[in-house]
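S.K.: Next comes the sequence, and after it the predicted model I'd like to discuss.
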Amino acid sequence: MNITSYKQGTPCWVDLGTPDPAATSAFFGGLFGWAATMSDDPEAGGYVMFELDGAPVAGAGPLLTEGQPSVWTTYFAVDNADAATGRIEAAGGRTLMTPFDVMDTGRMGIYLDNDGAAFGVWQGREFAGAGVANEPGSLVWNELMSRDTEGAKVFYRNAFGLGSLSKEAGDGADAYTEFQVDGRSVAGMMSMAAGEFPPELPAHWLTYFATSDTDSTVARVVELGGRVSMPPTTIPVGRFAIVTDPHGAPFAVIAMA
């Protein structure tokens, strides 16, 4: 599905902090067929834009500090990044990077939510975000893993106006939350409070990429030097797996039912 604009509160972009942008480009090029372009503008800071069939799908950039983990960041579309910062802080979030202009493409900021999960905001100008989604090799879902799901519902409602819809998980043990914009589900949330997650694992946003065949994609991840954190598993909405790239950055792949 081609996309040219995003409503406020909708995840619109993901990018990866990596210690080796060239190796990361080779990995995701081999996995999803992404073409990588690095801007030669010094202001871009070595940022890499990934495209699928000519449409932007994700980005990657060098790590900013020593010891910084390699992770994917989810960005929410906002009408005004500075106003969003005020709402985020009033809702109990913390600003890690105050809004700044990214050349002429837009304005962004980085934050922590009520439970410490990192995310970004994107005020699009010349660049709205991912130009394709919900197709193999592109972004299909963003999922918050939180130990304070009730607090997160309040936080994201106050920060972005997101509604929430609770659904039973596949095993019926926990409620799964879907965040909504104008009644349409745009992201999800799972609880980390059940004790199934290591205590040192922080709350975080997990990026899902679509695939036509989860098992073959997972096998390709391993061939390219990645690892499997959760093997292919069938759930009501499809078959998914959680993997990491060669630098340990986790992400999920799913073949939707």
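M.R.: Thanks, I have the structure now. Numbers count the residues shown, from 1 in each chain.

S.K.: Which stretches in the stretch 51-200 of the chain count as helices?
M.R.: Under the criterion DSSP state H, counting those that start in this stretch, the stretch 51-200 of the chain carries helices at the ranges 81-90, 149-160.

S.K.: what's next to the longest one, contact-wise?
M.R.: Put plainly, it is helix 149-160. With contact meaning Cβ atoms under 8 Å, 6 or more residues apart in numbering, helix 149-160 is reached by 8-9, 76, 78, 84, 87-88, 90-93, 113-115, 117, 144, 146, 162-164, 175, 177, 179, 189-191, 193. (C-beta placed from N, C-alpha, C; glycine too.)

S.K.: And for stretch 128-136?
M.R.: Contacts for stretch 128-136 (Cβ under 8 Å, 6+ apart): 1-6, 12-14, 32, 52-53, 55-58, 75, 77, 122, 138-140, 210-212.

S.K.: Out of the residues you listed, which end up buried?
M.R.: Buried subset of those (neighbour count, 16 or more other Cβ atoms under 10 Å): 3, 6, 12-14, 32, 52, 56-58, 75, 77, 122, 138-140, 210-211.

S.K.: For this protein, which element, helix or strand, carries the lowest mean pLDDT?
M.R.: Across the helices and strands of the chain, mean confidence by mean pLDDT, DSSP states H and E is lowest for strand 163-168: a mean of 82.

S.K.: List the buried residues in stretch 61-69.
M.R.: Across stretch 61-69, burial judged by 16+ other Cβ under 10 Å covers 61, 63.

S.K.: Quick one: end-to-end length of it, please.
M.R.: End-to-end distance for stretch 61-69: 13 Å, by Cα to Cα, to the nearest Å.

S.K.: With stretch 200-208 instead?
M.R.: In stretch 200-208, first residue to last residue: 22 Å (Cα to Cα).

S.K.: mind listing what's buried in that stretch?
M.R.: 202-208.

S.K.: got it, and stretch 94-112?
M.R.: 99, 102, 106-112.

S.K.: ok, residues contacting that stretch?
M.R.: 41, 43-44, 73, 75, 81-82, 84-85, 88-89, 93, 118-127.

S.K.: any idea how far residue 53 is from residue 245?
M.R.: 22 Å (Cβ to Cβ, to the nearest Å).

S.K.: Likewise for residue 5?
M.R.: Distance of residue 5 to residue 53, given as Cβ to Cβ: 20 Å.

S.K.: Would you mind measuring from the residue at minimal distance from the centre of the chain to residue 9?
M.R.: With distances taken as Cα atoms, centre = their mean, residue 74 lies nearest the centre of the chain, 3.4 Å away. Using Cβ to Cβ, residue 74 is found at 12 Å from residue 9.
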